[in-house]
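**Student:** Pasting a predicted model and its sequence here:
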Amino acid sequence: DIQMTQSPSTLSASVGDRVTITCRASQSIGSWLAWYRQKPGQAPELLIYHASSLKTGVPSRFSGSGSGTEFTLTINSLEPDDFGAYYCQQYSSYSSVYTFGQGTNLHI
Amino acid sequence: EVQVVDSGGGLVKPGESLRLSCTVSGLIFSDAWMSWVRQAPGKGLDWVGRIKSERSGGTIDYAAPVKGRFIISRDDSRNIVYLQMNSLESEDTAIYYCTHVQGYYIGGDFNAGSHDFWGQGTQVTVSS
């Protein structure tokens, strides 16, 4: 199975900062990668799909990039609402199973 | 508006079974691919399995830890997807989320696998 490794595991930042989270796949997954945010006590929400496509309604301060095995999620101008856990997920069409990264906890 | 409502969680003993249900509205359910994702206490997200639409072949895939014990099925006439969990273990204790698998086209090619709508989650606790 394809393994997904996120870094860092924990991240502290201030309101207004720009932060970047990295996700690496154990083998090439093309652009079949999604990013999610999960606030405490809530279900996750989709932010980015196909590595760089912003889900409708998600603020433009979120952006994704990368392909193959290395991907990044960038959050520009952090807002207080952005605290929580962030997860990447692969859904390669060459794999029958999906995999999440272990998560990154963002503390504001 | 798409709504995903999952239910059926509870407290069971090791070795017992439990069936979760997920009702979906606001989309053409028969075309929907659906997944289950779980989250153990204080841990990250774990994909459990996915069922494709009948039009896409109805293929069902499972994560290794649940393969052979869990069964995903769907009732398109009632807009419901089920997760039958058998031989439950303490390691299966988690919040279980039902999700809609997003399908989209890029460059004319169909892609699917991201989860764009989630249920609120239902707690499953396996303990003696």
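**Tutor:** Nice, I can see it.

**Student:** what does chain A have sitting close to chain B?
**Tutor:** Counting by CB under 8 Å from any CB of the partner chain, chain A comes close to chain B at A:1, A:32, A:34, A:36, A:38, A:43-46, A:49-50, A:53, A:55, A:85, A:87, A:89-93, A:96-103. Glycine gets a C-beta too; all of them are placed from N, C-alpha and C.

**Student:** May I have the residues that are in contact with the closest residue to chain A within chain B?
**Tutor:** Per CB to the nearest CB, B:G113 is where chain B lies closest to chain A, at 2.3 Å. Counting by CB atoms under 8 Å, 6 or more residues apart in numbering or on different chains, B:G113 makes contact with A:32, A:34, A:89-93, A:98, B:101-102.

**Student:** Quickly list what the most centrally placed residue in chain B is bridged to.
**Tutor:** Nearest residue to the geometric centre of chain B (CA atoms, centre = their mean): B:W36, 2.2 Å. In this entry, B:W36 is beta-bridged to B:G49, B:C98, by DSSP bridges.

**Student:** Show the contacting residues for it.
**Tutor:** B:W36 touches B:20, B:22, B:48-50, B:72, B:83, B:96-99, counting by CB under 8 Å, 6+ apart.

**Student:** Distance-wise, check it relative to A:A25.
**Tutor:** 22 Å (CB to CB, to the nearest Å).

**Student:** Could you verify that B:E91 is part of a helix?
**Tutor:** Yes: under DSSP: H, G, I helix; E, B strand; the rest coil, B:E91 sits within a helix.

**Student:** and the gap between it and B:R50?
**Tutor:** Taking CB to CB, one finds B:E91 at 21 Å from B:R50.

**Student:** Compare those two (neighbour count), which wins?
**Tutor:** B:R50 (26 against 10; other CB atoms under 10 Å in any protein chain shown).

**Student:** right, and that one touches B:A63 too?
**Tutor:** No: between B:R50 and B:A63 there is no contact, the gap being 9.5 Å when judged by CB atoms under 8 Å.

**Student:** which residue sits closest to the residue of chain B closest to chain A in space, ignoring its chain neighbours?
**Tutor:** A:Y91 (2.3 Å; CB to CB, 6 or more residues apart in numbering or on different chains).

**Student:** residues near the one you found, how many?
**Tutor:** The number of residues near A:Y91, taken as other CB under 10 Å, comes to 26.

**Student:** Quick check, B:W47 in contact with A:S96.
**Tutor:** No: contact criterion CB under 8 Å: B:W47 and A:S96 do not qualify, at 11.2 Å.

**Student:** all strands for chain B, in order.
**Tutor:** B:3-7, B:10-12, B:18-25, B:33-39, B:45-51, B:60-62, B:70-75, B:80-85, B:94-106, B:109-118, B:122-126 (DSSP state E).

**Student:** same question, chain A
**Tutor:** A:4-7, A:10-12, A:19-25, A:33-38, A:45-49, A:53-54, A:62-67, A:70-75, A:84-90, A:99-100, A:104-107.

**Student:** I'd say B:L18 and B:G8 touch.
**Tutor:** Yes: between B:L18 and B:G8 there is a contact under CB under 8 Å: 6.8 Å.
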